[in-house]
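In: 3D model of this:
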Amino acid sequence: MSALYKASVLVLVFCGFILNTGAQTPTPGPAPVPCESRSNTSCEECLKNVSCLWCEPNKQCTDYPVKSILPPSSVCPLNDARWGVCWVNFLILIITMSVLGGIILIAILVCCFCCCKCERIGNKREDAMAERQNRARKDRQKVRRSEMQMRHDEIRQKYGLAKGSPYTRMEDE
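Out: Have a look, this model is predicted:
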């Protein structure tokens, strides 16, 4: 569970970084304004600085706690924390990324299962086709043997070598 939690947190931070880079436009400035000075303004104003975290209920703009992946509840609850963009909170982002990761994992497993099943079906088809070919070959061989036997019997009969019954006695002449 903790490995899944850590993986979802890493995905969360990565997506936050992507959302953050797409949402902000680089503006040249002399020095970044400290996050605390942007408190009691707006979320958009706070999040212009990448290293800032906006806490919705108390309108506080603080530095993102980089030592922990997720901001602790003492700084701001996950449901109220915003980073990168104002319309996504951490809790929804974690849940969404976990669900998407699960769907992707299930899709990969289904694809692997289908590929293995298709391969087995292909092998069964090849086996069935080989069996049909063997049966057809044996049938042709039986027909050829019976035709050959009939020709031999005709030749024996033509020259008087045919036996009426194998149990009859040979007559002396």
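
In: The residue positioned nearest the centre of the chain sits in which helix or strand?
Out: A centroid search over the chain (CA atoms, centre = their mean) returns residue 108, at 0.9 Å, as the residue closest to the centre. Using DSSP states H and E, residue 108 maps to helix 90-158.

In: Summarise which helices and strands that helix is packed against.
Out: Using 3 or more CB pairs under 8 Å, 6 or more residues apart in numbering; DSSP states H and E as the contact test, the elements touching helix 90-158 are helix 2-23, strand 81-83. For the C-beta atoms, the positions are set from N, CA and C on the backbone; glycine is no exception.

In: ok so, going back, for the residue nearest to the centre of the chain, what are its contacts?
Out: Contacts here follow CB atoms under 8 Å, 6 or more residues apart in numbering; on that basis residue 108 touches nothing.

In: picking up where we left off before, pick out the shakiest of the helices and strands packed on helix 90-158, pLDDT-wise.
Out: Note on the helices and strands packed on helix 90-158: helix 2-23 shows the lowest mean pLDDT, a mean of 58.

In: mind listing what's buried in the next helix-or-strand element following that helix?
Out: Toward the C-terminal end, the helix or strand that comes next after helix 2-23 (DSSP H and E) is helix 43-46. Along helix 43-46, these residues count as buried under the neighbour rule (16 or more other CB atoms under 10 Å): 43, 45, 46.

In: Out of these, which is nearest to residue 126?
Out: Relative to residue 126, the closest of those is residue 43; by CB to CB it sits at 63.1 Å.

In: out of everything not next to it in sequence, what's closest to the closest one?
Out: With sequence-adjacent residues excluded and distances taken as CB to CB, 6 or more residues apart in numbering, residue 43 is closest to residue 86, at 3.8 Å.

In: Look up how far residue 36 lies from the one you found.
Out: Distance check for residue 86 against residue 36: by CB to CB, to the nearest Å, it reads 18 Å.

In: and if you look at residue 91?
Out: Taking CB to CB, one finds residue 91 at 24 Å from residue 36.

In: Thanks a lot, catch you later.
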